[in-house]
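[1] For reference, the sequence and a predicted model appear below.
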Amino acid sequence: MAETHVLFVEDDDVIREATQLALERDGFVVTAMPDGLAGLEAFRANRPDIALLDVMVPGLDGVSLCRRIRDESTVPVIMLSARADSIDVVLGLEAGADDYVTKPFDGAVLVARIRAVLRRFGHASGPDGARPAAAAADDLSDPLLRFGDLEVDTEGMEVRKGGANVALTPTEMRLLLEFSNAPGTVLSRDRLLERVWDYGWGGDTRVVDVHVQRLRGKIGQDRIETVRGFGYKLRG
């Protein structure tokens, strides 16, 4: 089994060293950097399997670093924030992060989140029973689905709008596949957290809301409808 390479950007020396040791004990290969500019260089040099970015780092803050990474890659990104209610959480998600973890965090919780993200991306390091990134498509009998001018190719994992390809991150693709599997059906945020983010426990629904908004920006604002008090549904 291939080793999973983690890029970890954190300016606090104690947190950086302790977290690196904890991740390495769990079998990850870790490149740890103290600031955003060094983190960007390390990302480009090493092309890690996943990036852990603290929001408040010098040189290039974590949100800006996430944007730079997302401009070049769909590699999964987890933001680390010192405050659960901070606007930085939303900014990080809007910048393209797939999930976030609040500091201080338990090492086991962080590892669980990393593995959950890797399962969604179909990475070999996920534990037994992992769902690959395209697993949400397994329930779809027709490999080519059409919703107005939107086409979803569930075999080729491609999306086209008006005939033009739409670039989605793996998390956005999984989210769209869940909607495509049940067009017109209201999907609750909790269900989406479980199916798309592999959360078997309660999670922050802001993760869902921001990803839905990002997805709308790519496939059309009116394609996914908000059903207040219940969730979202895809318009057929």
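    Cool, the structure landed.
[2] Okay, domains of the chain per the record?
    Split into domains by automatic domain parsing, the chain comes to 5-120, 135-234.
[3] Which of those has the highest mean neighbour count?
    Across those, averaging neighbours per residue (mean count of other C-beta atoms under 10 Å) puts domain 5-120 on top, at a mean of 19. (Glycine included, C-beta is placed from N, CA and C.)
[4] the strands in this structure, which residues?
    In the chain, the segments counted as strands under DSSP state E are 5-9, 29-33, 50-54, 77-81, 99-102, 144-147, 150-153, 158-161, 164-166, 224-227, 231-234.
[5] Mind putting those strands into TSV with mean pLDDT?
    Below are the strands of the chain laid out as TSV (pLDDT from 0 to 100):
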stretch	mean pLDDT
strand 5-9	97
strand 29-33	97
strand 50-54	97
strand 77-81	93
strand 99-102	90
strand 144-147	91
strand 150-153	94
strand 158-161	94
strand 164-166	94
strand 224-227	96
strand 231-234	96
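[6] so which of these gets nearest residue 184?
    Nearest to residue 184 among the strands of the chain is strand 231-234 (6.0 Å), distances taken as C-beta to C-beta.
[7] Show me the contact partners of the closest one.
    For strand 231-234, the external contacting residues (C-beta atoms under 8 Å, 6 or more residues apart in numbering) are 147, 179-180, 182-189, 191-192, 212, 223-227.
[8] How about the backbone phi and psi for the residue nearest the centre of the chain?
    By C-alpha atoms, centre = their mean, the mean C-alpha position of the chain lies nearest to residue 98, the distance being 2.0 Å. Here is the backbone geometry of residue 98 (degrees, to the nearest 10): phi -90, psi -20.
[9] Next one, pLDDT for it please.
    Note on residue 98: pLDDT of 94.
[10] One more: residue 104?
    Predicted confidence (pLDDT) for residue 104: 84.
[11] Kindly report the same for residue 88.
    Reported pLDDT for residue 88: 79.
[12] try residue 137
    The confidence metric pLDDT takes the value 47 at residue 137.
[13] thinking again about what came up before, in helices only, show me the contacts of strand 231-234.
    Using DSSP state H, the subset of the contacts of strand 231-234 located in helices is 179, 180, 189, 191, 192, 212.
[14] got the contact list for the nearest residue to residue 83 once chain neighbours are set aside?
    Nearest residue to residue 83 in three dimensions, chain neighbours excluded: residue 102, at 7.2 Å (C-beta to C-beta, 6 or more residues apart in numbering). By C-beta under 8 Å, 6+ apart, the contact set of residue 102 is 80, 81, 82, 83, 84.
[15] ok so, going back, which of the domains of the chain has the lowest mean pLDDT?
    Ranked on mean pLDDT, the bottom entry among those is domain 135-234, at a mean of 88.
[16] My guess is residue 186 contacts residue 227. True?
    Yes - counting by C-beta atoms under 8 Å, residue 227 is a contact partner of residue 186 at 4.8 Å.
[17] Can you tell me what sits against stretch 216-226?
    147-148, 150, 159, 161, 166-168, 172, 176, 179, 212, 215, 232-235.
[18] returning to what we had before: can I get the ones in helices among the contacts of strand 231-234 in CSV including distance to residue 143?
    Shown next, in CSV, are these (distance: C-beta to C-beta, whole Å):
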residue, distance to residue 143
179, 16
180, 11
189, 28
191, 24
192, 22
212, 24
